[in-house]
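Student: just to be clear, the model below is a prediction. Sequence and coordinates:
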Amino acid sequence: MSKYAVLNPATGETLAEYPQISADELQAALARAHAATRGWGRSTTVEERAALVTRIGDLHSERRDELAKALVEEMGKPLAQAYGEVDFAADIYRYHAEIAPAELADEPIELRGGEGSAVIRNAPLGVILGVMPWNFPFYQVARFAGPNLTIGNSVLLKPASQCPKTAELTAKIYADAGAPEGVFEAIFASTDQIADVIADPRVQGVSLTGSERAGIAVAEQASRHLKKVVLELGGTDPFVVLSTNDLDATVADLVAGRLDNNGQSCNAPKRAIVVSELYEAFTEKLVAAMGAVKVSDPFVDGCELGPVSSASAAAGLADQVRRAVAAGGDLKLGGTPEGNFFPPTVITNIPRDSDIYLEEFFGPVALVYEVADEAEAIELANHTPFGLGSYVYTTDPAQAERVANAIDAGMVFVNCVLADSPELPFGGVKRSGFGREMGRLGATEFVNKKLIRIA
């Protein structure tokens, strides 16, 4: 029987193993979740559900030491960043609890004819499945599960196979916060079992954060059974540099954004697109700044860069670097891992007609391209199948508006990185997926917009 396991990427040590859920156990979990949304989800008020979600957030804060330690052990996140993720997850729960009463209130409709009244009621859909990734095991669950609980949906969490411990800790928080049986179920299921869950008529929606391949598979299965889907997939987010009053600070922002979470963030700036007059100095400073970052054990105080998530991740990233250089890219720094520790890496001007140009580098690899002007920068920024996040650096407010409007992405950040916040919606376009999480938009993704017309 296949197992979920905690395999410490820094040491290679297997810390814990968990069995895959059995067919009978999975059916029992589905039955509990369905009963919860039919009962608890419909009998409670939004204020009561919001109070539960607030308590869940508070417990994340109270248990932050234990939760942060689990993050470091499961996927190698530097300890300081692990604390940051736990705190962000707590804030997301509390934010959705705070806005839920207003966002889920009845919406009156002004009738243009006839007597009586009409409202749109934000009613729960039912059981929602979350297929979650390994890179942010608490944050991703918070932005998926928090709003669904305020709606009255129950949730099934399918964690990544290397993240069973964080899923177990999350389930305990929900139970200790007072969530009724079935409101939150962590299921350690196989790919085939998840296909069966999606097909089950008790499940009304699916949210997936993960790879493009996984998104295609889940969307195909969900569409076959007419289930609503939210997908957050990969990105090759551009970091467009058109002008700056402080080149060192701009480079520092790219380094911070690119190396966050050991370079394993979907919306990290991955492609620096720099105008010619700044390109040479920018690249020189970037190589120096990336080269100054030391790789270390993620538990070490002050760790800036830990290991990538697994041996296969390190090998895959090394192969991408090799293919990028073979295609004509210029390797300026790094590129060779030691075990699962991948050094900060810089590659310039990968040819646009190469297959590797279109790929996402999911690790501490910064790509740099030279462009002549704003128009070429926009064209190159959009020359990607993805459209998740993007970053624009300019001292010209009018230019910032033009470029932000012209970039095909779900999110544009001007003169800032690492600026995510619970009130800001998160999501992309093109092959980066569809739907939104967090913010007001995420609060009502999985609702039944039910019309009630009374004569």
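Tutor: Happy to help now that I have it. The model shown is predicted, which means the values in this text are computed figures rather than measured ones.

Student: low-confidence ranges in the stretch 51-200 of the chain?
Tutor: By pLDDT under 70, the stretch 51-200 of the chain has no low-scoring segment.

Student: can you give me the strands in it?
Tutor: Along the stretch 51-200 of the chain, counting by DSSP state E, counting those that start in this stretch, strands occupy 107-108, 117-124, 127-131, 154-158, 184-186.

Student: JSON lines please, covering these and showing mean neighbour count.
Tutor: C-beta: built from backbone N, CA, C; applies to glycine. Output for these, formatted as JSON lines (neighbours: other CB atoms under 10 Å):
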{"stretch": "strand 107-108", "mean neighbour count": "11"}
{"stretch": "strand 117-124", "mean neighbour count": "17"}
{"stretch": "strand 127-131", "mean neighbour count": "27"}
{"stretch": "strand 154-158", "mean neighbour count": "26"}
{"stretch": "strand 184-186", "mean neighbour count": "25"}
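
Student: so which of those is nearest residue 253?
Tutor: strand 127-131 (31.4 Å; CB to CB).

Student: the closest one to strand 154-158, inter-axis angle?
Tutor: 20 degrees (axes from the mean of the first three to the mean of the last three CA atoms, to 10 degrees).

Student: what strands line up against strand 127-131, and which way round?
Tutor: strand 154-158 (parallel), strand 203-209 (parallel) (DSSP bridges).

Student: contacts for the shortest one?
Tutor: Looking back up the chat, that one is strand 154-158. 29-30, 33-34, 36-37, 40-41, 126-132, 141, 144-145, 148-149, 167, 170-171, 182-189, 194, 197, 203 (CB atoms under 8 Å, 6 or more residues apart in numbering).

Student: residue 36 contacts residue 202, doesn't it?
Tutor: No: Residue 36 is beyond contact range of residue 202, at 10.9 Å (criterion: CB atoms under 8 Å).

Student: reformat the strands of the stretch 51-200 of the chain as CSV; add distance to residue 409.
Tutor: Converted to CSV, the strands of the stretch 51-200 of the chain look like this (distance: least, CB to CB, whole Å):
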stretch, distance to residue 409
strand 107-108, 30
strand 117-124, 28
strand 127-131, 23
strand 154-158, 28
strand 184-186, 32
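
Student: out of the ones you listed, nearest to residue 98?
Tutor: strand 117-124 (16.2 Å).

Student: please name the nearest non-neighbouring residue to residue 42.
Tutor: With sequence-adjacent residues excluded and distances taken as CB to CB, 6 or more residues apart in numbering, residue 42 is closest to residue 152, at 6.5 Å.

Student: who's in contact with that neighbour?
Tutor: Contacts of residue 152 by CB under 8 Å, 6+ apart are 37, 40-42, 44, 46, 49, 123-124.

Student: which positions in stretch 235-244 come out as buried?
Tutor: 235-242, 244 (16 or more other CB atoms under 10 Å).

Student: now render these as CSV, adding distance to residue 438.
Tutor: Shown next, in CSV, are those (distance: CB to CB, whole Å):
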residue, distance to residue 438
235, 16
236, 22
237, 17
238, 22
239, 22
240, 24
241, 27
242, 28
244, 29
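
Student: can I get those residues in a markdown table with distance to residue 265 and pLDDT?
Tutor: Below are those laid out as a markdown table (distance: CB to CB, whole Å; pLDDT from 0 to 100):
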| residue | distance to residue 265 | pLDDT |
| --- | --- | --- |
| 235 | 9 | 95 |
| 236 | 12 | 97 |
| 237 | 9 | 98 |
| 238 | 15 | 98 |
| 239 | 13 | 98 |
| 240 | 18 | 98 |
| 241 | 20 | 98 |
| 242 | 24 | 98 |
| 244 | 23 | 98 |
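
Student: looking at those residues, which one is closest to residue 342?
Tutor: Out of those, the member with the shortest distance to residue 342 (by CB to CB) is residue 236, at 18.0 Å.

Student: the closest one: what secondary structure?
Tutor: Three-state call for residue 236 (DSSP: H, G, I helix; E, B strand; the rest coil): coil.

Student: next one: residue 422
Tutor: Following three-state DSSP, the label given to residue 422 is coil.

Student: tell me the pLDDT of it.
Tutor: As predicted, residue 422 sits at a pLDDT of 98.

Student: how about it, what does it touch?
Tutor: Here residue 422 is in contact with 88, 91-92, 94-96, 438-439 (CB under 8 Å, 6+ apart).

Student: I'd like to know which of these are part of helices.
Tutor: 88, 91-92, 94-96, 439 (DSSP state H).

Student: where in the stretch 301-450 of the chain is pLDDT low?
Tutor: Judged by pLDDT under 70, no stretch of the stretch 301-450 of the chain qualifies at all.

Student: wait, which of the contacts of residue 422 is closest to residue 249?
Tutor: Nearest to residue 249 among the contacts of residue 422, with distances taken as CB to CB, is residue 88, at 23.6 Å.

Student: right, and the closest one touches residue 139 too?
Tutor: Yes: with contact defined as CB under 8 Å, residue 88 reaches residue 139; the gap is 5.4 Å.

Student: these two: which is more packed in?
Tutor: In this view residue 88 and residue 139 are compared by other CB atoms under 10 Å, and residue 139 has more residues nearby, 24 against 18.

Student: how near is the more buried one to residue 103?
Tutor: Note on residue 139: its distance to residue 103, by CB to CB, to the nearest Å, is 21 Å.

Student: residues near residue 349, how many?
Tutor: When neighbours are defined as other CB under 10 Å, residue 349 has 16 of them.

Student: swap in residue 195?
Tutor: Quick note: residue 195 (other CB under 10 Å) scores 16 neighbours.
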